[in-house]
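J.: Predicted structure and sequence below. I'll ask about it afterward.
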Amino acid sequence: MINDLIGKSFRSVGGCYGLMRECFRRNGIDLPEENIAVTACKKVQQRIEERKKDWTPIKRQQDGCAIMFKPTRSDLGPHLGYYLGKGRFIHVGINFPVTVDRLDRHMHKVEGFYVYNA
């Protein structure tokens, strides 16, 4: 389902939101398109607040949920990933290509898990 995404650049997948959007699309869920630069922190935070009604927070990860990570820098918005199951998630960053990581290595950065309401 995702092997063709591994190794692609941040820009080529549309950032972490673009990658998450593509993962949802491959599972039959169309997320709205967002064209916000990752460095536009205030705009990212504003858009998240506007769209909170579209997402339901869940207590634990489940296959196909979105993961929101705390920002690593004050000038950036939150980081997003997509939970694949079996303790693994897919994400991309400005400084690294699309990668599958173990969630347990990043749990200290997790702000929450979410399912889309559509």
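T.: That came through, no problem.

J.: Tyr17: how many residues sit nearby?
T.: Neighbours of Tyr17 under the rule other CB atoms under 10 Å: 24. (Glycine included, C-beta is placed from N, CA and C.)

J.: Dump the host helix or strand of it to PDB, keeping only the CA atoms.
T.: Assigned by DSSP states H and E, Tyr17 belongs to helix 15-25. Taking Å, rounded to 0.1, in the frame of the first residue of the first chain, the C-alpha atoms of helix 15-25 are listed here in PDB:
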ATOM      1  CA  GLY A  15       4.700  17.700   3.200                       C
ATOM      2  CA  CYS A  16       3.600  15.700   6.200                       C
ATOM      3  CA  TYR A  17      -0.100  16.700   5.600                       C
ATOM      4  CA  GLY A  18       0.200  15.800   2.000                       C
ATOM      5  CA  LEU A  19       1.600  12.400   2.800                       C
ATOM      6  CA  MET A  20      -1.100  11.700   5.400                       C
ATOM      7  CA  ARG A  21      -3.800  12.900   2.900                       C
ATOM      8  CA  GLU A  22      -2.400  10.400   0.400                       C
ATOM      9  CA  CYS A  23      -2.500   7.500   2.900                       C
ATOM     10  CA  PHE A  24      -6.100   8.300   3.800                       C
ATOM     11  CA  ARG A  25      -7.000   8.600   0.000                       C
END
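
J.: For it, buried residues please.
T.: Within helix 15-25, the residues scored as buried using 16 or more other CB atoms under 10 Å are Gly15, Cys16, Tyr17, Gly18, Leu19, Met20, Arg21, Glu22, Cys23, Phe24.

J.: which residues in the protein form strands?
T.: Using DSSP state E, the strands of the chain run over residues 55-58, 66-69, 79-85, 88-93, 96-102, 110-116.

J.: Can you tell me the closest non-neighbouring residue to Leu80?
T.: Nearest residue to Leu80 in three dimensions, chain neighbours excluded: Cys16, at 4.3 Å (CB to CB, 6 or more residues apart in numbering).
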